[in-house]
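Peer 1: How does the following fold in three dimensions:
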Amino acid sequence: MEWLFTLADIQNVAAEFWKLAGNTGVIVFHGNMGAGKTTFIHALCDKKGVKDIVGSPTFSIINEYSFKEKGLDKKIFHIDLYRLNDEEEARQAGVEDCVYSNHTCLIEWPEKAPYLFPDNTIHVNIEVIDSQTRKVVISGK
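Peer 2: Okay, here's the model as predicted:
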């Protein structure tokens, strides 16, 4: 699946994305620095009704957000592996615990620990088209 969008369209794309993703627990985001990974994740969290402040976990590595779905308390782990060197550091930071927690994990810079993710992981590639437009390509699952 592929979408072109601007910030004006991002909430609509996020809604369509969740329809496609279903209940997949691990979603990884590829893209260059400044491509819009965190911005898109923020829109995804908005669509889930997250009330927490959604921001980049570059320094904390893992941010945890809460939301309700069908009356149940749910969590999203927003993980940024940019500052980590390898898969072992990701494990030490608790990433593996999040990935296999049965909660939703939205992970930036998955290239740092490519063997840590389950086979049904959804891969999202975000590409800059111009200063206002991004292309999102979904693969996996």
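
Peer 1: Let me see the confidence value for the residue in the chain sticking out farthest from the centre.
Peer 2: Distance from the centre of the chain peaks at residue 71, with 23.0 Å (CA atoms, centre = their mean). pLDDT recorded at residue 71 is 92.

Peer 1: what ranges of this protein fall below the confidence cut-off?
Peer 2: The chain contains residues with pLDDT under 70 at 141.

Peer 1: can you pull up the bridge partners for the residue most central in space within the chain?
Peer 2: In the chain, the residue lying closest to the centroid (CA atoms, centre = their mean) is residue 106, at 2.7 Å. Note on residue 106: beta-bridge partners by DSSP bridges are residue 27, residue 78.

Peer 1: That one is in contact with residue 21, isn't it?
Peer 2: No. With contact defined as CB atoms under 8 Å, residue 106 does not reach residue 21; the gap is 10.2 Å. Using the backbone N, CA and C atoms, a C-beta is placed for each residue, glycine as well.

Peer 1: list residues touching both of those two?
Peer 2: In terms of CB atoms under 8 Å, 6 or more residues apart in numbering, residue 106 and residue 21 are both contacted by the residues residue 27.

Peer 1: can you give me the end-to-end distance of stretch 80-94?
Peer 2: Distance across stretch 80-94, first residue to last, is 12 Å (CA to CA, to the nearest Å).

Peer 1: For it, buried residues please.
Peer 2: Neighbour-count burial for stretch 80-94, with 16 or more other CB atoms under 10 Å as criterion, is recorded at 80-81, 84, 87, 90, 93.
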